[in-house]
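Asks: Turn this into a model:
(2 chains)
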Amino acid sequence: MLRNAQIEARVSALRSAPLDAWIALSDDETKIVAKGATYQEVANALERTGDETSVIVKTPPSWLPMAV
Amino acid sequence: MRAPYRPSPSKEDKVDFYPTIRVSVGKKHAQRSRPFEALVDSGATICIFHHEIAKAIGLKIENGRKEQMNGIGGPQDVWMHPVQLFVGGELLEIEAGFAKTLPVAGILGRKGFFQFFKITFDPSSEPPGLELERIHKA
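Replies: The predicted structure is shown next:
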């Protein structure tokens, strides 16, 4: 379950992330632990630090309501 | 398995909540991707993943069967490949599309995802969330 503080931290982390890029969020999704222009850059960064729990997120070109 | 909708920034200072879950994708007897967030989308006919996920698991997307899919931005090419989809503790053998442009890492659609689960979307709960129950059809 996401608590309000987690929600705020996740949204704040995402707002600070580069757009149209790839990032990894910590397991609790409150901070960015890796970022890159490609999925592989982020995966490699996690590999280097032995991080097995973070989740990779693709950021959109802009933060707008999404309809895919 | 219950998953709360995930908050994402929206325009101005607003926040939108989306039904996303953590999944990974792999090829039989080969590397599987890191867990990534994918959007659960009952409006999508199939599961579609970003082409960079394909590269990460050693797939050359153009070797797949090319199809066109309609999206809100119009038709786009996808390349179909058999893959393994990991959802929670479940391993699903599916055929998924890979696209060169996608605003998210993956979209979980009816074929390849909804066919395996009874899914309840509950935006009225606090926090809003979705419930997945694996179904096994004979």
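
Asks: so how far is the top strand by length along chain B from its chain's centroid?
Replies: Among the elements of type strand in chain B, defined by DSSP state E, the one spanning the most residues is strand B:74-87. Here the centre of strand B:74-87 is set off from its chain's centre by 9 Å, with Cα atoms, centre = their mean, to the nearest Å.

Asks: for stretch B:36-50, same thing?
Replies: Averaging C-alpha positions (Cα atoms, centre = their mean) puts stretch B:36-50 3 Å from its chain's average.

Asks: CA atoms only for that stretch - export them in PDB, please.
Replies: Below are the C-alpha coordinates for stretch B:36-50, written out as PDB (Å, rounded to 0.1, in the frame of the first residue of the first chain):
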ATOM      1  CA  PHE B  36       9.600  -2.700 -15.000                       C
ATOM      2  CA  GLU B  37       6.300  -0.900 -14.700                       C
ATOM      3  CA  ALA B  38       3.600  -1.800 -17.200                       C
ATOM      4  CA  LEU B  39       0.200  -0.300 -17.600                       C
ATOM      5  CA  VAL B  40      -2.800  -2.600 -17.200                       C
ATOM      6  CA  ASP B  41      -5.000  -1.600 -20.100                       C
ATOM      7  CA  SER B  42      -8.300  -3.400 -20.900                       C
ATOM      8  CA  GLY B  43      -8.600  -1.400 -24.000                       C
ATOM      9  CA  ALA B  44      -5.500  -2.800 -25.600                       C
ATOM     10  CA  THR B  45      -6.000  -5.900 -27.700                       C
ATOM     11  CA  ILE B  46      -2.500  -7.400 -27.000                       C
ATOM     12  CA  CYS B  47       0.500  -6.800 -24.800                       C
ATOM     13  CA  ILE B  48       3.000  -4.400 -26.200                       C
ATOM     14  CA  PHE B  49       6.400  -3.600 -24.900                       C
ATOM     15  CA  HIS B  50       9.000  -1.000 -25.700                       C
END
